[in-house]
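Chemist: Sharing a sequence plus its predicted fold:
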Amino acid sequence: MFNKILLAYDGSDGAKLALAKTAEIAKSAKADLHILAVGRIPEYAETVSEVEEEKEQAQNYYSKIMEEAANQLKQQGLSPIVHIDFGKPADTILRIAEDVGVDLLVLGTHPHSVARRRFLGATVDKVIDHAHCSVLVVRSTS
Amino acid sequence: MEQIWWDASVWVALALISSLISLKIGISVALVELIVGILAGNSFHPQISEWINFLASFGAVVLTFLAGAELESQTLKRFWKESLVLGVIGFFAPFALAWIAAQFVLGWDIRAAQIAGIAMSTTSVAVVYAVMVETGLNETAIGKLILAACFVDDLGTVIALGLLFTSFGTWFWIFVGLTALALFFLPRITAHYLKKVNAHSSEPEVKYIYLILLLLAYLAVRGGSEGVLPAYLVGMVLADTFLGNRELIRRMRATTFALLTPFYFLKAGSLVDLKAVMTGFGLVVIFFLAKSCAKFLGLYPAGVLFRFTTKVNLYTTLMMSTGLTFGTISALYGLTHKIIDRDQYSILVVVVILTAIIPTLIAQAFFEPKGSEREVLFEGGERDV
């Protein structure tokens, strides 16, 4: 079974579904649970303050979302460790997963159009391709 | 008269489109504005009138000031030797190689070749910083050292741009004298002034900074120099004052990003002639290689001298090979002062855009220090504190 699980969470419907599944797995495996939110910062920025401001806004936005998620998990008897980090979502998820040393990575997703997926790529695709551990993708139907 | 309103609507629409694209794809609005400008300039040719030229020039000045104000003086003091050596080499090596390549290989005249050298000499503190935030390197000693070196490199660029094409007449020396006085007194006067006006809703702080920048820009241009030179220097001497006043930076950035820099980057992009880039693609490759090779040949041995680990050394070299804002400012200066023609300008701007993207991608993919590598600055066990 799994000893350390990382859930990538952004408060979306797909992520909420993944949160519920992750809680089930973590309880039955008695695994340590980490949840991660990734705030995007602009690539190729003009000024340092632009990056700082985006970082601050993302921190404020995700603090509330992560607090709600953590409370929900605590009500189920789990003690999640919360991470908020910044950068490209897939790269950051992979980096934190390696740093923490998880053996299961969980992501929620929702269906993208073919065009969006082709041109912008999907975080899920990259994480599956490059993760050092098992990956569970929880897909919402809406 | 109604033409002004139409022209303004077109430019602001382009700025808005750029913001929305930037929001969607997570790439800085500056780069998107440049690319949108290139597309607009090569399709429906938006009108560049006198007031657009002014807003664009003022945008470049304020942007340069903000870049200077982001200096961390403590880091520069702590790593002064390394950052000075890396910064000076990071400026001179590509400046010299691109100048030589342009003049002696491509046959550009000496002043055009110097503009090419200056445009290739830059690095980008903001591009580097954004990459480092993603990895947490901005908090480590190596990250701070690289950023300090980037500041020194960019200082070389603005000094070269401000001094190489001037005639050193009477007005130039008046400009030098008054700028020196301003740099000496401004930190004390500004701290006192900010305390006095205390963030009033009529924005007296922003107006005060704008007035200083405009006056010094006037003196610089009157003296045959360039407005970005005093702006960067004023930013640097006020950096510590601004460090404790992030709200003021935020307000200045809001006005600058909403109304000034879009005109600068869109205009800079709209003047790029894609046909010239296609036919002169070989020149794009030559300048890109000149910049990258010069940065590598200059910076890597310096890193060895400071006993950087191989990975950190390669990462530093690649990070300092980036460039964006100062590269376009230099090229646009050359074009507006008729030192380079539009074809040469187009080549240089495309190379600048490529240097913002390619070195960062390579550095992130292959040479990013990971885990404990982030903490080790020098070989031999000396660690960050």
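Modeler: Yep, that arrived. Keep in mind that what you see is a predicted model, and the values were worked out from it rather than measured.
Chemist: where do the helices sit along chain A?
Modeler: A:13-29, A:48-75, A:89-100, A:114-120, A:123-130 (DSSP state H).
Chemist: quick one: the first one to helix A:123-130, angle?
Modeler: Interaxial angle, helix A:13-29 versus helix A:123-130 (axes from the mean of the first three to the mean of the last three C-alpha atoms, to 10 degrees): 40 degrees.
Chemist: Identify each buried residue in helix A:13-29, please.
Modeler: Under the neighbour-count criterion of 16 or more other C-beta atoms under 10 Å in any protein chain shown, helix A:13-29 has A:Gly14, A:Ala15, A:Lys16, A:Leu17, A:Ala18, A:Leu19, A:Thr22, A:Ala23, A:Ile25, A:Ala26, A:Ala29 buried. (Glycine included, C-beta is placed from N, CA and C.)
Chemist: Closest residue of chain A to chain B?
Modeler: Nearest to chain B in chain A, going by C-beta to the nearest C-beta, is A:Gly87, at a distance of 3.1 Å.
Chemist: Any chance of the backbone angles for that residue?
Modeler: Dihedral pair for A:Gly87: phi 140, psi -160, per degrees, to the nearest 10.
Chemist: can you put the buried residues of helix A:13-29 in CSV and add pLDDT and distance to B:Ala258?
Modeler: CSV is the format used below for the buried residues of helix A:13-29 (pLDDT from 0 to 100; distance: C-beta to C-beta, whole Å):
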residue, pLDDT, distance to B:Ala258
A:Gly14, 86, 34
A:Ala15, 89, 33
A:Lys16, 91, 36
A:Leu17, 92, 39
A:Ala18, 92, 38
A:Leu19, 94, 38
A:Thr22, 94, 42
A:Ala23, 94, 44
A:Ile25, 94, 47
A:Ala26, 93, 46
A:Ala29, 91, 51
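Chemist: May I see those residues organised as CSV, with distance to chain B added?
Modeler: Output for the buried residues of helix A:13-29, formatted as CSV (distance: C-beta to the nearest C-beta, whole Å):
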residue, distance to chain B
A:Gly14, 19
A:Ala15, 18
A:Lys16, 23
A:Leu17, 25
A:Ala18, 22
A:Leu19, 24
A:Thr22, 25
A:Ala23, 28
A:Ile25, 27
A:Ala26, 25
A:Ala29, 26
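Chemist: farthest pair in those residues?
Modeler: A:Gly14 and A:Ala29 (22.0 Å; C-beta to C-beta).
Chemist: picking that back up, winner for burial among the helices of chain A?
Modeler: Using mean count of other C-beta atoms under 10 Å in any protein chain shown, the stretch among these with the largest mean neighbour count is helix A:89-100, at a mean of 20.
Chemist: which bits of the stretch 51-200 of chain B sit near chain A?
Modeler: B:63, B:66-67, B:70, B:124-127, B:129-131, B:133-135 (C-beta under 8 Å from any C-beta of the partner chain).
Chemist: same thing but 6 Å
Modeler: Neighbours of chain A within the stretch 51-200 of chain B, by C-beta under 6 Å from any C-beta of the partner chain: B:Leu66, B:Glu70, B:Ala126, B:Val127, B:Tyr129, B:Ala130, B:Val133, B:Glu134.
Chemist: Tell me which of these fall in helices.
Modeler: Per DSSP H, those map to helices at B:Leu66, B:Ala126, B:Val127, B:Tyr129, B:Ala130, B:Val133, B:Glu134.
Chemist: tell me what the one helix or strand B:Ala119 maps to is packed against?
Modeler: Secondary structure from DSSP states H and E places B:Ala119 in helix B:110-121. Counting contacts by 3 or more C-beta pairs under 6 Å, 6 or more residues apart in numbering or on different chains; DSSP states H and E, helix B:110-121 packs against helix B:80-100, helix B:141-163, helix B:325-336.
Chemist: Need these in JSON lines (columns: mean neighbour count and mean pLDDT).
Modeler: JSON lines is the format used below for the helices and strands packed on helix B:110-121 (neighbours: other C-beta atoms under 10 Å in any protein chain shown; pLDDT from 0 to 100):
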{"stretch": "helix B:80-100", "mean neighbour count": "22", "mean pLDDT": "94"}
{"stretch": "helix B:141-163", "mean neighbour count": "24", "mean pLDDT": "90"}
{"stretch": "helix B:325-336", "mean neighbour count": "25", "mean pLDDT": "94"}
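Chemist: right, so of those helices, which gets closest to B:Phe175?
Modeler: The nearest among these, by C-beta to C-beta, is helix B:141-163 at 9.4 Å.
Chemist: from the chain's centre, how far out does the closest one sit?
Modeler: 9 Å (C-alpha atoms, centre = their mean, to the nearest Å).
Chemist: Check stretch B:46-63 too.
Modeler: 16 Å.
Chemist: Put the alpha carbons of it into CSV.
Modeler: Extracted in CSV, the C-alpha atoms of stretch B:46-63 (Å, rounded to 0.1, in the frame of the first residue of the first chain):
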residue,chain,number,x,y,z
PRO,B,46,-1.5,50.7,-36.3
GLN,B,47,-0.7,54.4,-36.5
ILE,B,48,2.3,55.5,-34.4
SER,B,49,1.7,59.2,-33.6
GLU,B,50,3.7,61.6,-31.4
TRP,B,51,1.7,61.0,-28.3
ILE,B,52,2.2,57.3,-28.6
ASN,B,53,5.9,57.9,-29.0
PHE,B,54,5.9,59.9,-25.7
LEU,B,55,3.9,57.3,-23.8
ALA,B,56,6.2,54.6,-25.0
SER,B,57,9.4,56.5,-24.1
PHE,B,58,8.0,57.4,-20.7
GLY,B,59,7.0,53.7,-20.2
ALA,B,60,10.6,52.7,-20.9
VAL,B,61,11.9,55.2,-18.4
VAL,B,62,9.5,54.2,-15.6
LEU,B,63,10.1,50.5,-16.3
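Chemist: can you pull the buried residues of it?
Modeler: B:Pro46, B:Ile48, B:Ile52, B:Leu55, B:Ala56, B:Ser57, B:Phe58, B:Gly59, B:Ala60, B:Val61, B:Val62, B:Leu63.
Chemist: now, which of those sits nearest chain A?
Modeler: Among the buried residues of stretch B:46-63, and counting by C-beta to the nearest C-beta, the member closest to chain A is B:Leu63, at 6.5 Å.
Chemist: so who does the closest one touch?
Modeler: B:Thr261 (C-beta atoms under 6 Å, 6 or more residues apart in numbering or on different chains).
Chemist: which element is it on?
Modeler: With DSSP H and E as the test, B:Leu63 turns up in helix B:50-68.
Chemist: Which SSE is immediately downstream of that helix?
Modeler: Moving toward the C-terminus from helix B:50-68, the next helix or strand (DSSP H and E) is helix B:73-78.
Chemist: And the contacts of that following helix?
Modeler: B:Ser83, B:Lys144, B:Ala148, B:Asp240.
Chemist: With distance to B:Ala331 as added columns, please give the helices of chain A in a markdown table.
Modeler: Listed next are the helices of chain A as a markdown table, based on distance: least, C-beta to C-beta, whole Å:
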| stretch | distance to B:Ala331 |
| --- | --- |
| helix A:13-29 | 44 |
| helix A:48-75 | 22 |
| helix A:89-100 | 31 |
| helix A:114-120 | 30 |
| helix A:123-130 | 35 |
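Chemist: Write out the residues of chain A neighbouring chain B.
Modeler: Counting by C-beta under 6 Å from any C-beta, chain A sits next to chain B at A:40-49, A:51, A:86-87.
Chemist: rerun at 7 Å
Modeler: By C-beta under 7 Å from any C-beta of the partner chain, the residues of chain A that approach chain B are A:40-51, A:53, A:55, A:86-88, A:91-92, A:99, A:120.
Chemist: Spatially central residue in chain B, please.
Modeler: By C-alpha atoms, centre = their mean, chain B has its centre lying nearest to B:Phe326, at 3.0 Å.
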